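A.B. asks: the following block contains a protein sequence and its predicted model.
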Amino acid sequence: MTKIIKNIIFLASLFLCCGFVIIKNKELLFDYPEYWPKPDYNFSKLSMTEDEFQLGRQLFYDPILSKDNTISCASCHLQATGFTHVDHDLSHGIEGRIGTRNSLSIMNLAWNSSFMWDGGVNHLEVQALAPISSANEMDESLEHVVEKLNASKKYNSLFYKVHNDSLITGQKTLLALTQFLVMLNSYNSKYDKYIRKEVGGEFTEQEKNGLNIFRNNCASCHKEPLFNSNDFKSNGLAVDATLNDYGRMMITKNTNDSLKFKVPTLRNIQFTQPYMHDGRFETIQEVITHYTSGIQHSKTLAKELENPLVLTHREKVDLLVFLRTLTDKEFLFNKRFSYPKNQ
Ligand code: HEC
Ligand code: HEC
């Protein structure tokens, strides 16, 4: 039995009253609701302490990770919008360079088995390498980032606190970012309170109806309770002729994967606009209209979308109202995850 499972059992017995599973790894608690599946992320090799988390937080918000020291991870992943980039269909990197995809929101990453719209990254520890080295994002090399960090008194002392050694390496830098990213968990939306039958979780008739519509039409892909799935699907978007993005196929070179993209989470969807891999839809209404009357047929279109979804105007509104119950203000405004002002 792994250490972590032992911890889960030991601590679950301690915390059963609260309905949360709490993984205590060294000093830091990784907790999530009891009815959630076990995370995909293997915690047995990740030591998590408060100092490590704080170091990762500093790095996440620091433009030192980019070539001209102007862009931080947070430039494209803003907390108040579910750690994504609002109002930009395609993300903007250094010198205003425009990328080819809409920024993904960041939350509940421990339940993801791969990352990016096409699943091109399969370990959270190496995820940060992609934006750091991408020409349209931070356009920097990890080697040079490490050089800059080693020249910084602040980072020498922060790394020393964690490792008892002030020498900064690429591996330690990526690990620290992981320790921050993996803690960005959202599970206190109204929907969660409804499921846990907590105060504040009382659903109106409209929200209940919206949940039913969601379960009948959307939940096969956007699976409860995380509202994503570790699967790649084509949801019937036509290819954008300028971007020519065929998604998963570009990674696997398998034509069966043409036009398939990650099924993203819908948690906090109210604030993560624009939507889809290229940010083509500005509003959730447009997304719903896509599912009812915009589906483009192709060989790889998901089976459940072959026949258009039929929803009345009222049902569309109820669905939209339900999707708003996935907003978790405690997460969006959690000070632990915000820009570290005092250091
Ligand atoms: C210039 C904008 C930009 C910057 C800067 C940026 N990202 Fe991203 N991020 C994106 C985009 C766009 C995607 C989706 C890329 C894709 O699918 O090809 C993404 C995807 C991700 C994902 C995957 C989420 C998922 O669910 O699969 C994570 C994690 C992430 N970024 C973390 C970071 C970290 C950590 C940094 C800083 C080292 C960072 N990003 C810097 C734009 C950015
Ligand atoms: C067959 C699987 C499938 C079904 C069913 C499905 N979706 Fe999706 N959904 C996806 C995929 C895949 C994407 C990402 C597509 C892309 O960007 O290319 C997506 C994207 C979205 C997005 C944009 C999320 C973001 O962060 O940009 C929203 C909102 C959404 N779906 C809502 C719904 C709703 C509401 C329903 C039911 C009416 C639904 N989906 C049914 C697979 C599905």
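C.D. replies: Happy to help now that I have it. Ligands and ions are numbered 1, 2, ... in the order given.
A.B. asks: now this structure, which segments are flagged as low pLDDT?
C.D. replies: Where the chain drops to pLDDT under 70, the residues are 1-27, 87, 342-343.
A.B. asks: which residues of it lie near ligand 2?
C.D. replies: Residues of the chain lying near ligand 2 by Cβ under 6 Å from any ligand atom: 217-218, 220-222, 233, 235, 237, 261, 263-264, 266, 269, 272, 275-277, 284, 287-288, 291, 302, 304-305, 309, 319. The way it works is simple: take the backbone N, C-alpha and C, and place the C-beta from them, glycine included.
A.B. asks: filter those down to the buried ones.
C.D. replies: Neighbour-count burial (16 or more other Cβ atoms under 10 Å) applied to the residues of the chain next to ligand 2 gives 217-218, 220-222, 233, 235, 237, 261, 263-264, 266, 269, 272, 275-277, 284, 287-288, 291, 302, 305, 309, 319.
A.B. asks: what about R215, which helix or strand?
C.D. replies: According to DSSP states H and E, R215 maps onto helix 205-217.
A.B. asks: next helix or strand past that helix?
C.D. replies: Where DSSP H and E defines the elements, the next helix or strand beyond helix 205-217 is strand 229-233.
A.B. asks: what comes up buried for that following strand?
C.D. replies: Buried residues in strand 229-233, counted by 16+ other Cβ under 10 Å: 229, 231-233.
A.B. asks: so which elements touch that strand?
C.D. replies: strand 261-263 (3 or more Cβ pairs under 8 Å, 6 or more residues apart in numbering; DSSP states H and E).
A.B. asks: show residues contacting the strand it packs on.
C.D. replies: 104, 114, 116-119, 221-222, 228-235, 247-248, 277 (Cβ atoms under 8 Å, 6 or more residues apart in numbering).
A.B. asks: for the most centrally placed residue in the chain, helix, strand, or coil?
C.D. replies: Ranked by distance to the mean C-alpha position of the chain (Cα atoms, centre = their mean), the top residue is I106 at 2.6 Å. Of the three states, I106 takes coil under DSSP: H, G, I helix; E, B strand; the rest coil.
A.B. asks: now it. Nearest residue, chain neighbours left out?
C.D. replies: Leaving out its chain neighbours, the residue that sits closest to I106 by Cβ to Cβ, 6 or more residues apart in numbering is F83, at 3.7 Å.
A.B. asks: what about the one you found, how many neighbours?
C.D. replies: Neighbour count of F83, defined by other Cβ atoms under 10 Å: 26.
A.B. asks: ok but I64 is inside a helix, no?
C.D. replies: Yes. Remark: I64 belongs to a helix, assigned using three-state DSSP.
A.B. asks: for I132, see how far away the nearest residue to it once chain neighbours are set aside is.
C.D. replies: Of all residues not flanking I64 in the chain, K148 sits nearest, at 5.4 Å (Cβ to Cβ, 6+ apart). Distance from K148 to I132, counting by Cβ to Cβ, to the nearest Å: 12 Å.
A.B. asks: these two: which has the busier surroundings?
C.D. replies: More crowded of K148 and I132, by other Cβ under 10 Å: I132, with 24 against 15.
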